Structures are given as structure tokens and as C-alpha cells.
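Trainee: here is the input, now give the coordinates:
(chains A and B)
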There are 2 protein chains.
Amino acid sequence: MRNLVKILVIVSLVVSFSSAKKVYKLKMATTWGPTLSPLFDAAVNMAKMAEEMSNGELKIRIDAANKHKAPFGVLDMVKGGQYDLGHSASYYWKGKDIATLPFTSMPFGLTAPEQYAWFYYGGGLELMQKVYARHNLYSYPGGSTGVQMGGWFRKEINSVDDLNGIKMRIPGFAGEIMAKLGVQVTNIAPGELYTALERNNIDALEWVGPSMDINMGFHKVAPYYYTGWHEPASEMHFMVNKKVFDKLPKHLQAILENSMKLAAYNMYAQNYDMNATAWKKMKEEYPSIQVKTFPKEVMDAMKKANKELREELSAKSPELKEVLDSQDEYIKKVREWTKMSDYLYIKDNI
Amino acid sequence: MRNLVKILVIVSLVVSFSSAKKVYKLKMATTWGPTLSPLFDAAVNMAKMAEEMSNGELKIRIDAANKHKAPFGVLDMVKGGQYDLGHSASYYWKGKDIATLPFTSMPFGLTAPEQYAWFYYGGGLELMQKVYARHNLYSYPGGSTGVQMGGWFRKEINSVDDLNGIKMRIPGFAGEIMAKLGVQVTNIAPGELYTALERNNIDALEWVGPSMDINMGFHKVAPYYYTGWHEPASEMHFMVNKKVFDKLPKHLQAILENSMKLAAYNMYAQNYDMNATAWKKMKEEYPSIQVKTFPKEVMDAMKKANKELREELSAKSPELKEVLDSQDEYIKKVREWTKMSDYLYIKDNI
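Mentor: I've put the predicted structure just below:
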């Protein structure tokens, strides 16, 4: 009897211990500061959903850029294990690995609905994992801004000549294209952009779209708002340290993965709403703003420069070429559908 | 000592019992049969995610229409408690409650990105809950087909006169609009549609879009494929019995809600991909298919009929009017953004 009691005690203790909830505390670094809506919101939204759904088994602490001081060090910090997760944009890592470039958005590339279809049903996510596996990371879409605008210009652009010699803030791959067209591409800290534009130190600049441009005030000093061509669906991304993720119980892996996916889609809807709201406000306060598309001559020159740059880079990196080829192949198929569905629907309702 | 041991046994047993996993078994009825992709897939996807994320605490059994035999009885069955969950389309319930109509899609209404923005950031979901609360249900978006095509026609439509007297299968609200334009609207069982079209018993029919039309074979007998106007973003919906949901632990409520949201977005991406793939195949096999938009005269007549019907219904139901007003208000704002973003981007890339 005494032995039976002892066994019962031990069994019960083991059972209650093993079924007690273990809390996994994870740390996430973002490239953004804590007020950069909707980008930072996507990270917060993801962490909140993961905590709620896991009943507290997952606890995710978010360090914004003002805390860790390394907005463009996020990939290295997650890779190196200082952080378990990161929220950033894939094209920031093109200097480390050019194959990461196309997972954000490519000039003249996929729109947001097309790109989500490519990621989840057209092989895009598999290619993303393949590229990031070389960095011991998993990577997932982290929220689309939708179409980014082509930028604010003080003067109208009617030809390639009009672009020649103008000073413009436009970073990254799009900046390289503009440079090929004769634009003097400059880099200016975000906090100084408004003054530079107002004082004619620059002639034009590219930022994001109405949702994020409105607080910068560019519309007060540059009346021409050019439509997008260079980032038709900029997708942020979540990174996860592979070792950390692989050690999590299966159901927490599922929660984390689905929280990232859902936070990404949510940000797309959120920014769509924010763009609509911000544009309405801008236009009401500054009715003189003119929405412009670049003339065909300029678009053709951009397309040519884009093609040349892509070919140069692809020749050096078969890994990049594989991703670009997959997107090119997909766009051929999916664009036909976009044209006969959303495009013609809107065209008939203008 | 003996007493201490006894207490330990009891405490341990209580702890291990109380922390043992409770399994919540839920039953879901769908309006679709088990092979109707991507609609049925969304229900399966939702259940799978909920089970995985809950580590088996949620078990969802899905009964397709061929099992429960009541595709249009899903709302009543979930309301009455025979089922805990349902997957269907909100506009099927317009005969019971006209205010449920606009949560699927309205003619000349919101596109999918616009509608998701309205649901989650423009007050749409709150209105949906308000309408469904009267039926003791919660309701959530359940997957968008995107733009549905205007249908297959044997002859080209160049005027309202050309529509007068033609026989067309087009159910629901869109059918009422067509009837106002002189179309003889008929109802034919899906299994007999192809033969009816082939044998000239009908002149035209509306189904969904390439993804679901391809297996019906309509493109083999009707060469004109008209673009969409009546369902620019048909959103399926999940229903949940309120009592059942309210009794679930908070984390399982979060899992269920997020699984529904994510399954909805996923279906939108899946169907976008399916449409692109199906259209490519159709067009390769039948290059003679012509994509057509209705001429302005016809579109204007449709818009007029649509307006009249909406006003008649709104006059009878303030609940419907509230939802329609919210969508109208939202579209005014969001469409400006759609035009300057995705629309002009595609236009410049044709």
C-alpha cells in the first residue's frame, strides 16, 4: 500500500509537471521605429496574434530601431542569434545577397494580388526559403504597401530630357535606373527631405504613397505626384532564426507561421485603407496636386534601363536569375487575368 | 507523514486532471460539395489551421453538401445548433434577411482589395456582425473569388436591344437587373447548363470565372466572354453559432477567428492563381474566345436598373440601407486610390 501511494505521487507529479505550460520568450527586431505605421503595426499585430492564439506560450518582445540602433543590421542580428525574429524588407539585404532583391518588389513587376498568388500558389515562397536558407533563416511575407507612387516632382516631366540632370532622392534599384536616365540621384536623411525639396536643393523625391507621404508634407511644395512603376507591391518580410524555429513545438510553429501570413495580408488591407484616407485629405487640402503618369518615352527608357540592370545582375548570380525568371514566367500568365478582371472592371466604372 | 502523502496525491491528481487537454469537437456544414475548388478548399484550410494551431484542442468535422443535403439550409442549421460552423455565401440568405445581401458583392461595387479594406478597416466587419447578431451568429469573410466574369454569350452584345428577349441563366440580384433590361432570365440546374447552351436552349449564362468555368466547358460553345460588372469581389463567409463560440476559451476563439480570416485571404490568392492558370489553358485550346466588355449604353442601363432595385429594397429595409450607405461612402474614397495605383500601373504596362 505504501509503495502504491509513492508510485501514485510520482506519476501524478510527472504528469502535472510535463503538462505545465512552458513559455517561449522570443525577441524580434524591426527596421522601423515604433511610430512608423503601418510597417511597425504589422510586427505588433503578428506578436499579438501569436501570444493570444498560443494562450501565452509564445511571448514576443519587439525592439524597434530606436532601441537596437541597427535598422539595417536586422538580418545579421537574427542570423547571429541576438534576435529570434526580424521584421524588415528583403531588398535591404541586396548588398549581402543580391538574390534577396526580388522578394520585395521589382520595377514593372507583380502587383500585390498577383504577388500573393505567386508567393503562395506560384512557387515564390519556396524560392524565398531557398534564398534565406543560405543565411540560416526562414523568411515570410510581412505586409504589402501595394503600389508605391513614383514620387513628388516640382516640375512636370514630359520627356527623358526633362529628367536629365535633375536632382532626385530615390534609393536602391529604382535609383540605379533613374541614374541611367541622367538623373542625379542623391541620398538625404528623411528628416531633411522636406526642407531640401522646399528650398530647391532637390527637384524630386520618391517616398512611399499617400499613407506615409502625408505626414512628410511633400505635397505642400511639389505639385506633381507621379504614379508608380518601380515598386508595384512592396512586400515587407519576417525573418526567423532557423534553429530557434525548428526547436519550437509543432503547434507553436504553426501559430507563428500563420500569424506572420495573416499580419502580412492585414497590413496590405490596412495600408490600402490608409492610402485612400490620406489621399482624400491631401486632395481636399491641396486641390492643386496633379496626379501624372510618366510619358511613354520615359517609361520605355526606364524599362530599357531596368532590363539592362537585371541582365547585368543575373549574369553574376544564378540564384537571382532563378527568382527573376520565376516572376517573369508568372507575370506572363497572371497579368492576362488582371487585365480582364480588375483592370477592365475599373476602366468600365470610371 | 501519511496525511502529507495523501494530500500530495490529491493535489497532483487535481493539477494533472485540470491541465489535461480538453478537446472541443465542432461540426461545420458547407454549401459546397467536397470537390468544388477553391470554395470547399477554404473550409478545409480553415479547419486544418485551427486544429494545428490549437494542438488538437479544436477538432472540426466538415460535412459537405452531399452529406447534409441542405446546401441552402446552412444558416438555419448553424443558427439552430445542428452545426457549430458554416461556410457559404452571405447573399444566399437575402430571402430570409435582405441585409445579408451586400456582404458577398454588389454590382458596380468594391473590388477585392477595396472590400478587404472596408471589412477590416472601414467598418464592414462591424456591420456584418450587427446583421448576423439578429440570427445569433457571428460571421466572417470566407474567401474572395475576385472579379466574377459577366458570362458566356453565343452572340455579341452591341446594344440594349441585343439583350432584349435573349434567354440567360443568371441568378440572384444580377438576374433581376438583367430582367429589367429585357433578358428572359431562366434557372437551369448546373449539370444541364452545358447542354442547354450547346443546343441553343439558352443564349447566355453567367457562372464564376475561368477557375471554375473551365471544367464546365462553356468556352467550347459560346465564343464571347464578357467582363464582370455584377460581382466584382464575391466574398464567401464563415458563420459561427454565437453560444458555441462564446463558450470557447479565449485562445481558441482567437485561433478560430484568425483561421477564418487567413483562410479567406488564402482563397483570394488561390483563386487568383487558378483564374490565371485556367484562362491560359482555355485561351491556348480555344484561341477564338473573345473577351468583351459590354458597350457603354448597356452598362448605363445596368447601372440605372441596379440603382432602382437598390432603392426599392433600401426603402423597405433600413438595415440594408445602412450597409449599402457604408459601402457607397467607402467606395467614393477608396476608388480614387485604386485608380491612381493599380489601375494606372496596369494601364501603363499594357
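Trainee: ok, residue A:285 - how many residues close by?
Mentor: For residue A:285, the neighbour count with other CB atoms under 10 Å in any protein chain shown is 11. In this view, the C-beta of every residue, glycine as well, is placed from N, C-alpha and C.
Trainee: and the helices in the stretch 101-250 of chain A?
Mentor: Assigned by DSSP state H, counting those that start in this stretch, the stretch 101-250 of chain A shows helices spanning A:112-121, A:124-133, A:160-163, A:172-180, A:193-198, A:210-213, A:242-247, A:250-285.
Trainee: pick the most buried one from these.
Mentor: Greatest average neighbour count among these goes to helix A:112-121 (a mean of 25), per mean count of other CB atoms under 10 Å in any protein chain shown.
Trainee: can I assume residue A:21 is in contact with residue A:58?
Mentor: No: using CB atoms under 8 Å, residue A:21 is not in contact with residue A:58, being 10.9 Å away.
Trainee: and those two? Which one has more around it.
Mentor: residue A:58 (21 against 9).
Trainee: for the nearest residue to that one once chain neighbours are set aside, what are its contacts?
Mentor: Spatial nearest neighbour of residue A:58, excluding adjacent residues (CB to CB, 6 or more residues apart in numbering or on different chains): residue A:50 at 4.8 Å. Applying CB atoms under 8 Å, 6 or more residues apart in numbering or on different chains, we find residue A:50 in contact with A:58, A:60, A:255, A:256, A:259.
Trainee: quick check, nearest of those residues to chain B?
Mentor: residue A:255 (4.8 Å; CB to the nearest CB).
Trainee: retrieve the pLDDT associated with the closest one.
Mentor: Looking at residue A:255, its pLDDT reads 98.
Trainee: and it, how far from residue A:344?
Mentor: 40 Å (CB to CB, to the nearest Å).
Trainee: ok, residue A:84 next?
Mentor: For residue A:84 relative to residue A:344 (CB to CB), the value is 46 Å.
Trainee: over to residue A:153?
Mentor: Remark: distance between residue A:153 and residue A:344 (CB to CB) = 30 Å.
Trainee: these two: which is more packed in?
Mentor: Each of residue A:153 and residue A:344 has its neighbours counted (other CB under 10 Å); residue A:153 has more, 25 against 21.
Trainee: verify the stated contact: that one with residue A:227.
Mentor: No: contact criterion CB under 8 Å: residue A:153 and residue A:227 do not qualify, at 11.7 Å.
Trainee: got any residues that touch both of these two?
Mentor: Joint contacts of residue A:153 and residue A:227 (CB under 8 Å, 6+ apart) are residue A:292.
Trainee: would you confirm that residue A:142 contacts residue A:259?
Mentor: No: in this structure, residue A:142 is not within contact of residue A:259 by CB under 8 Å, at 10.9 Å.
Trainee: shared neighbours, those two?
Mentor: Common neighbours of residue A:142 and residue A:259 (CB under 8 Å, 6+ apart) are residue A:46.
Trainee: how many other residues sit next to residue A:70?
Mentor: So residue A:70, with other CB under 10 Å, has 15 neighbours.
Trainee: now it: how far from chain B?
Mentor: 31 Å (CB to the nearest CB, to the nearest Å).
Trainee: what's near enough to touch that residue?
Mentor: A:29, A:76, A:77.
Trainee: neighbours of the second one, just the number please.
Mentor: Same thing as residue A:76. 15.
Trainee: cool, and the last one?
Mentor: Residue A:77 has 19 neighbours, counted by other CB under 10 Å.
Trainee: how much space between it and residue A:31?
Mentor: 11 Å.
Trainee: between those two, which contacts overlap?
Mentor: residue A:86.
Trainee: how about the contacts made by the residue lying closest to residue A:207 once chain neighbours are set aside?
Mentor: Leaving aside its sequence neighbours, residue A:207 sits nearest to residue A:213 (CB to CB, 6+ apart; 5.0 Å). Contact analysis of residue A:213 by CB under 8 Å, 6+ apart lists A:149, A:152, A:207, A:219, A:278, A:282.
Trainee: for residue A:143, give me its contacts.
Mentor: A:38, A:39, A:42, A:235, A:236, A:263, A:264, A:266, A:267, A:268, A:271.
Trainee: one more time with 7 Å, if that's ok
Mentor: For residue A:143, the contacting residues are A:38, A:39, A:42, A:236, A:263, A:264, A:267, A:268, by CB atoms under 7 Å, 6 or more residues apart in numbering or on different chains.
Trainee: what's the neighbour count on the fourth one?
Mentor: This points to residue A:236. Neighbours of residue A:236 using other CB under 10 Å come to 27.
Trainee: quick one: it and residue A:142 touch, right?
Mentor: Yes: with contacts counted by CB atoms under 7 Å, residue A:236 reaches residue A:142, the gap being 3.7 Å.
Trainee: overlap in contacts of the two?
Mentor: A:42, A:87.
Trainee: residues from the stretch 51-200 of chain A in reach of chain B?
Mentor: Counting by CB under 7 Å from any CB of the partner chain, the residues of the stretch 51-200 of chain A close to chain B are A:52-55, A:108, A:111-113, A:116-117, A:120-122, A:146-147.
Trainee: hmm, which two among these are most spread apart?
Mentor: Among these, the pair separated by the greatest distance (CB to CB) is A:55 and A:108, at 45.6 Å.
Trainee: returning to that earlier point: just the contacts of residue A:70: which are in strands?
Mentor: residue A:29 (DSSP state E).
Trainee: TSV for the contacts of residue A:70, including pLDDT and distance to residue A:99?
Mentor: Listed next are the contacts of residue A:70 as TSV, based on pLDDT from 0 to 100; distance: CB to CB, whole Å:
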residue	pLDDT	distance to residue A:99
A:29	98	22
A:76	98	17
A:77	98	20
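Trainee: which one of the contacts of residue A:70 is nearest chain B?
Mentor: residue A:29 (23.9 Å).
Trainee: wait, isn't that closest one in contact with residue A:66?
Mentor: No: the criterion here is CB under 7 Å, and residue A:29 misses it with residue A:66 at 11.4 Å.
Trainee: and these two? which has more neighbours close in?
Mentor: residue A:29 (27 against 12).
Trainee: which residues touch that one?
Mentor: So residue A:29 contacts A:63, A:68, A:74, A:77, A:78, A:83, A:86 (CB under 7 Å, 6+ apart).
Trainee: redo that, cut-off 10 Å
Mentor: A:43, A:61-65, A:67-68, A:70-71, A:73-75, A:77-78, A:82-88, A:239 (CB atoms under 10 Å, 6 or more residues apart in numbering or on different chains).
Trainee: residue A:108 too?
Mentor: Residue A:108 touches A:177, A:229-230, A:232, A:299, A:302-303, A:306-307, A:310, A:331, B:345, B:348-349, counting by CB under 10 Å, 6+ apart.
Trainee: of all the residues you listed, which comes closest to residue B:97?
Mentor: For the contacts of residue A:108, the nearest to residue B:97 is residue B:345 (39.1 Å; CB to CB).
Trainee: please parse chain A into its domains.
Mentor: A:22-144+A:232-274, A:151-230+A:288-316 (automatic domain parsing).
Trainee: CSV please, covering those and showing distance to residue B:249.
Mentor: Listed next are these as CSV, based on distance: least, CB to CB, whole Å:
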stretch, distance to residue B:249
domain A:22-144+A:232-274, 7
domain A:151-230+A:288-316, 36
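Trainee: so which of those domains gets nearest residue B:294?
Mentor: domain A:22-144+A:232-274 (23.6 Å).
Trainee: and the residue nearest the centre of chain A, what does it touch?
Mentor: Nearest to the geometric centre of chain A sits residue A:236, at 2.2 Å (CA atoms, centre = their mean). By CB under 10 Å, 6+ apart, the contact list for residue A:236 reads A:30-32, A:38-39, A:42-43, A:87-90, A:103-104, A:140-145, A:263-264, A:267-268.
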